[in-house]
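> quick one, what's the 3D model for this:
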Amino acid sequence: MKKYFSIIFIAFFISNNANAQGLLGHKEQVFTRQDSLRGSITKERAWWDVKYYHLDVKVNPADSTITGSNTIRYQVVQEYYRMQIDLQNPMEIYKVIQDGVTLKFNREGNAFFIELIAPQKIGSTKELTVFYGGKPKVAVNPPWDGGITWKKDSNGNPFIASSCQGLGASVWWPNKDHMYDEVESMLISVNVPKGLTDVSNGRLQSVKQMKDGTKTYNWFVSNPINNYGVNINIGDYVTFSEKFKGEKGDLDCTYYVLRDNLTKAKKQFQDVPRMLKAFEHWFGPYPFYEDSYKLVEAPYLGMEHQSSVTYGNGFKNGYLGRDLSGTGWGLKFDYIIIHESGHEWFANNITYKDIADMWIHESFTDYSESLFLEYYYGKEAGYTYVRGIRKNIANDKPIIGNYDVNNEGSSDMYYKGANMLHTLRQIVNDDVKWTTILRGLNSTFYHQTVTTKQIEDYLSQQVGIELNPFFNQYLRDTRIPTLEYFFKDNHLGYRWTNCVPNFNMPVKVTLNGKEELLKPETEWTAIPAKTENSKLEIDKNFYVAGFNITE
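Just a heads-up that it's a prediction; the model follows:
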């Protein structure tokens, strides 16, 4: 326990040193009009509600181009005649047609503004088709610095995939590229050269053999889907499948891997039904039974594309064979299968409206790794793992980013966010209630886009405690809250320091061998306790620091 205190106390001083440079220890960022056009609900977006896309594209590995069209069906919410469609340089929109009429448009960076002619009456449903093409941005370090990955497999066949969270789906196809408005259903038609297969989201409706020897794969998505979740995966794939008997019946699970990796995949992908069983226990039914579950080999590490999760973890346990927690437990599962599939509940079912709230995706999903371990190996396994990943926390800047400018917060949304939720679980102190809360999140916000406030309010209501100071501390500040305490005159005095105003989180401690629940505030509180040889230990499952000021 002393070792633990020394570690977190060092972190406390590091955090304090960062805060000496600014209130929250980070430099203010400068944003441009392009950031606002990308990240805000502009007037040219707000007046229409997207209902359906038919994305119809031809992928050309020979010259790394994509050409095609997107037919957009929408409902008019307000009368207006200027529509924003996003498509990033160097891609170009060639033509826009509505009701047989070619429409005028102008470009401002990555935003195209289309001038509509036909009446746009409130409540009416309209369609237009955008024709486009070009060489999309090549992914530099996918999935973090994404775009399109153009590679070849070991047999010299094209191996191609999209990955574009944060960067935006408009890097390769034209759409309303803001997360607040998810399309309700979608047809994805992808034409590829002879000998290749495309795997996209939803269910495969048909494969059409073209006269030029190419094939067009038609995939239909029947559930709402976020833009960055739409993907293409093109390669010399072979496939196998199974049915998972889940809470909503039989779930079709289909796996696509490169030809040479079939044997390895059949062994490694056994983690999929294990994942589904554990996560349905914790989070409720898999959210996309209608669209199936697919795991698809990709030429990069992996990504949470809805019903088409991509995989590039080398058919190894851990994260490319490493244990991110340093505890040994991280080698008990394939990180990419478990983590990226966990996003089906937190990212694809419950989706942030603004990327500033990306913690809603990553904190819950990172935490899901420990829940997977707990389900199969017991509570202490899961607890040890989530505590172990604390070593990766930077406390560099707030977890929540800047709103309306497409800006995500600190990568601490993963490891610190998971430990924030683990800490909250200790406050709840009731495993059945905690499971009910997690399942309730996925039913209450089923297939919805949400804000941090909605999640905070839900958790406060379900936990039965006003959690605003708690979330301010862990999401909007960089400091580790510190329980400062002393023993004097047969009393224990304690308070929270290094924290936001009104921070009042209860904390479990062991006081002289007996477990106690303290309710510190930022002012001193004292309770009776013997002074001589007294000892206080903070429950290590709380992500806090402790400091005995009398030592």
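> going forward, measure contacts and count neighbours with C-alpha atoms only.
Will do.
> just for the chain, where's the confidence low?
Per-residue confidence for the chain (pLDDT under 70) gives these ranges: 1-27.
> got a list of what the residue nearest the centre of it touches?
In the chain, the centroid-proximal residue (CA atoms, centre = their mean) is His361; its distance is 3.2 Å. Contacts for His361 (CA atoms under 8 Å, 6 or more residues apart in numbering) come out as 343, 346-347, 350-352.
> mind checking which of those land in strands?
Residues of the contacts of His361 located in strands (DSSP state E): 350-352.
> tell me the one of those nearest Lys277?
Ile350 (19.4 Å; CA to CA).
> wait, the closest one touches Ser443, no?
No. Checked against CA atoms under 8 Å, the pair Ile350 and Ser443 is beyond contact range at 9.4 Å.
> between the two, point out the one with more neighbours.
Taking neighbours as other CA atoms under 10 Å, Ile350 and Ser443 compare with Ile350 leading, 25 against 17.
> the helix or strand harbouring Thr423 packs against which elements?
Element membership of Thr423 [criterion: DSSP states H and E] is helix 412-428. On a contact count with 3 or more CA pairs under 8 Å, 6 or more residues apart in numbering; DSSP states H and E, helix 412-428 meets helix 359-377, helix 379-388, helix 431-444, helix 468-476.
> okay, angle between it and helix 379-388 too, please.
140 degrees (axes from the mean of the first three to the mean of the last three CA atoms, to 10 degrees).
> which residues are in contact with helix 412-428?
The contact list for helix 412-428 (CA under 8 Å, 6+ apart) reads 358-359, 362-367, 386-387, 389-390, 392-395, 399, 431, 434, 463, 474-475, 506-507, 541-543.
> and what of stretch 151-162?
With CA under 8 Å, 6+ apart, stretch 151-162 has contacts from 61, 146-150, 196, 231-236, 258, 298-299.
> ok, the residues you listed vs Lys215, which is closest?
Distance ranking of the contacts of stretch 151-162 against Lys215, using CA to CA, places Leu196 first at 8.2 Å.
> so what's that closest one up against?
Residues near Leu196 by CA under 8 Å, 6+ apart: 158, 234-237.
> repeat for Tyr485
492-495, 546-550.
> relative to Ile527, how far out is Thr149?
62 Å (CA to CA, to the nearest Å).
> quick one, which of those two is more surrounded?
Using other CA under 10 Å, the more surrounded residue of Thr149 and Ile527 is Thr149, with 24 against 12.
> okay but that one is in contact with Val138, surely?
Yes. Using CA under 8 Å, Thr149 is in contact with Val138, at 6.0 Å.
> circling back to that earlier point, ok, which pair from the contacts of Leu196 is furthest apart?
Among the contacts of Leu196, Pro158 and Tyr237 lie farthest apart (CA to CA), at 10.7 Å.
> and the helix or strand hosting Tyr52, what's buried?
Secondary structure from DSSP H and E places Tyr52 in strand 48-60. Using 16 or more other CA atoms under 10 Å as the test for burial, strand 48-60 gives 48-59.
> would CSV of those with distance to Val96 be doable?
Shown next, in CSV, are the buried residues of strand 48-60 (distance: CA to CA, whole Å):
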residue, distance to Val96
Trp48, 17
Asp49, 18
Val50, 16
Lys51, 18
Tyr52, 17
Tyr53, 14
His54, 14
Leu55, 14
Asp56, 14
Val57, 16
Lys58, 18
Val59, 21
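> tell me where this structure has helices.
Per DSSP state H, the chain carries helices over the ranges 2-19, 33-39, 43-46, 262-268, 271-283, 335-342, 359-377, 379-388, 412-428, 431-444, 452-463, 468-476.
> so which of the ones you listed is the most packed in?
helix 335-342 (a mean of 26; mean count of other CA atoms under 10 Å).
> C-alpha coordinates for it, CSV please?
Output of helix 335-342 as CSV, limited to C-alpha atoms (Å, rounded to 0.1, in the frame of the first residue of the first chain):
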residue,chain,number,x,y,z
TYR,A,335,-7.4,-6.7,-27.7
ILE,A,336,-8.7,-5.7,-31.1
ILE,A,337,-11.6,-8.2,-31.1
ILE,A,338,-12.7,-7.2,-27.6
HIS,A,339,-12.1,-3.5,-27.7
GLU,A,340,-13.3,-2.7,-31.2
SER,A,341,-16.4,-5.0,-30.8
GLY,A,342,-17.2,-3.3,-27.5
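> how far away from the center of its chain is it?
On the basis of CA atoms, centre = their mean, to the nearest Å, helix 335-342 sits 11 Å off its chain's mean C-alpha point.
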